[in-house]
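*Asks:* predicted model, plus sequence, below.
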Amino acid sequence: MKITIKSKNLEITPSITALIQKGLNGIKNMINAVQESAVLFIEVEKDNGHHRKGDIFLAEVMVELPSKKLVAQSRGESLQSAITEVKAELKRELSKYKTKTVEYPRRKAMKSKNDTMV
């Protein structure tokens, strides 16, 4: 799996890279279970306009699978909270994708197998 990290209005330091990798560690395992040739794009951004409080950090993750693109986006007061929220959203999308591509065909096969046995 190829991972690309990009930032906007924010310098990527080793601590930010470690935070991103720690926060998305479980997602990498889920993606590898579904598709090993996936590409993961991560973009973190800090709003540098007139905002000083509130949700000024943005985390966006895009997963390119051979048959579909999954995108999750979240805003938060801190970079860590934005990454945590985007991880939860991406986890939901990945479980939906896995259900549609893996579980439904298995269920159909089992159902047809059981129908022929009866």
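*Replies:* Yep, it's here. Residues are numbered from 1 along each chain as shown.

*Asks:* assign the residue positioned nearest the centre of the chain to helix, strand or coil.
*Replies:* In the chain, the centroid-proximal residue (Cα atoms, centre = their mean) is residue 90; its distance is 3.8 Å. Three-state call for residue 90 (DSSP: H, G, I helix; E, B strand; the rest coil): helix.

*Asks:* that one and residue 115, how far apart?
*Replies:* Per Cβ to Cβ, to the nearest Å, residue 90 is found 37 Å from residue 115. Yep, even glycine has a C-beta here, placed from its N, CA and C like the rest.

*Asks:* where's residue 45, which helix or strand?
*Replies:* strand 39-46 (DSSP states H and E).

*Asks:* the following helix or strand past that strand vs strand 39-46, what angle?
*Replies:* Per DSSP H and E, the first helix or strand lying C-terminal to strand 39-46 is strand 57-64. Computed with axes from the mean of the first three to the mean of the last three Cα atoms, to 10 degrees, the direction of strand 57-64 lies at 170 degrees from that of strand 39-46.

*Asks:* my guess is the residue nearest to the centre of the chain contacts residue 62. True?
*Replies:* No. Using Cβ atoms under 8 Å, residue 90 makes no contact with residue 62, being 9.4 Å away.

*Asks:* list residues touching both of these two?
*Replies:* Residues touching both residue 90 and residue 62 (Cβ atoms under 8 Å, 6 or more residues apart in numbering): 70, 72.

*Asks:* picking that back up, so what are the sheet partners of the strand holding residue 45 and their directions?
*Replies:* strand 2-8 (parallel), strand 57-64 (antiparallel) (DSSP bridges).

*Asks:* rounded mean pLDDT for it, please.
*Replies:* The average pLDDT within strand 39-46 is 91.

*Asks:* what do you get for stretch 70-89?
*Replies:* 92.

*Asks:* list the buried residues in stretch 95-106.
*Replies:* Residues residue 97 are the ones in stretch 95-106 that count as buried (16 or more other Cβ atoms under 10 Å).

*Asks:* centre of the chain to it, how far?
*Replies:* Put simply, stretch 95-106 sits 17 Å off its chain's centre (Cα atoms, centre = their mean, to the nearest Å).

*Asks:* thank you kindly, that will do.
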